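Asker: this one's structure only:
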């Protein structure tokens, strides 16, 4: 019970911060419809992928060859009706579902679930594994370290450490397309200009590898 109390406090803190950011707005009618569709069939532990509109997303699309550039884990507090998404965005956040979908181009989404579904015990184990990264900053360098965390890394590490499941494939930077102009510009801005070495053998897990994960099955999609 204590872990859920901690989770609920974390939800309240991060949701209040999100609601205070008025420039994001409530989302379009299509996005609100998408939130209703997701919520209707969602379960704690579902993996939700979107086509982010963040500043780094064009480079991520170029590097991975996919428009699916952001991912989070759907969670719900017991006895509460609202759904949230645990995500690594500007740090670790628990974002109301509709607001998470409002980040996506046109409200597009794919909702995926571990094949056969998670048991109640697995869901209860997964939540604190997500919370364990609370307070970590967002990892702009996409490094395989727990000092900071990025979106698909949060999903991968939480599932692996809590349940022994690998959601997505761990690759190296060099496995991605690094020669595109947007990716090169991102590397210059985050590494070269700061005197930070770029290691092409650094481990990385991408949202698109989680979209393609054979551990998951698609439950709902806006496509």
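Answerer: On my side now, so go ahead. All figures in this text were calculated on a predicted structure; none of them were measured in a lab.
Asker: got the end-to-end distance for stretch 94-103?
Answerer: 14 Å (CA to CA, to the nearest Å).
Asker: quick one, phi/psi of the residue of the chain most remote from its centre?
Answerer: Relative to the centre of the chain, and counting by CA atoms, centre = their mean, the farthest-placed residue is residue 195 at 28.5 Å. Torsion angles at residue 195 (phi, psi; degrees, to the nearest 10) stand at phi 70, psi 30.
Asker: Mind listing residues that contact the helix or strand that contains residue 61?
Answerer: Using DSSP states H and E, residue 61 falls within helix 57-64. Residues outside helix 57-64 that contact it (CB atoms under 8 Å, 6 or more residues apart in numbering): 51-52, 67, 69-70, 176-178, 180-183, 185-186, 206-208. To be clear about C-beta, it is placed using only N, CA and C from the backbone, and glycine gets the same treatment.
Asker: Heading C-terminal from the lengthiest strand in the chain, find the next helix or strand.
Answerer: When the chain is parsed with DSSP state E, its longest strand is strand 104-114. Using DSSP H and E, the helix or strand that follows strand 104-114 in sequence is helix 120-131.
Asker: Centre of the chain to that following helix, how far?
Answerer: Mean-position distance between helix 120-131 and its chain equals 16 Å (CA atoms, centre = their mean, to the nearest Å).
Asker: Check stretch 65-75 too.
Answerer: Relative to its parent chain, stretch 65-75 has a centroid offset of 5 Å by CA atoms, centre = their mean.
Asker: Show me where this structure dips below the pLDDT cut-off.
Answerer: Judged by pLDDT under 70, the chain has its weakly predicted residues at 1-33.
Asker: now the strands: where do they sit in this structure?
Answerer: With DSSP E as the criterion, the chain has strands spanning 47-52, 70-75, 84-88, 92-96, 104-114, 170-172, 203-205, 216-221.
Asker: Taking strand 84-88 as reference, get the angle to the second one.
Answerer: Right, the one you point to is strand 70-75. Angle, strand 70-75 to strand 84-88, by axes from the mean of the first three to the mean of the last three CA atoms, to 10 degrees: 140 degrees.
Asker: For stretch 169-179, buried residues please.
Answerer: Using 16 or more other CB atoms under 10 Å as the test for burial, stretch 169-179 gives 169, 173, 175, 176.
Asker: Would you check how far apart the third one and residue 81 are?
Answerer: Spatial separation of residue 175 from residue 81 under the definition CB to CB, to the nearest Å is 42 Å.
Asker: Equivalent analysis for the last one, please.
Answerer: Distance check for residue 176 against residue 81: by CB to CB, it reads 40 Å.
Asker: again with the first one
Answerer: Noted for residue 169: a distance of 35 Å to residue 81, by CB to CB.
Asker: now do the second one
Answerer: Plainly put, residue 173 is 42 Å away from residue 81 if you go by CB to CB.
Asker: tell me the contacts of the closest residue to residue 223 other than its chain neighbours?
Answerer: Counting by CB to CB, 6 or more residues apart in numbering, residue 223 lies nearest to residue 108, which is 6.8 Å off, once chain neighbours are set aside. Residues near residue 108 by CB under 8 Å, 6+ apart: 34, 50, 51, 67, 222, 223.
Asker: Residue 150 now?
Answerer: Residue 150 touches 88, 138, 139, 142, counting by CB under 8 Å, 6+ apart.
Asker: which residue sits closest to it, ignoring its sequence neighbours?
Answerer: Excluding its sequence neighbours, the residue lying closest to residue 150 (CB to CB, 6+ apart) is residue 139, at 4.5 Å.
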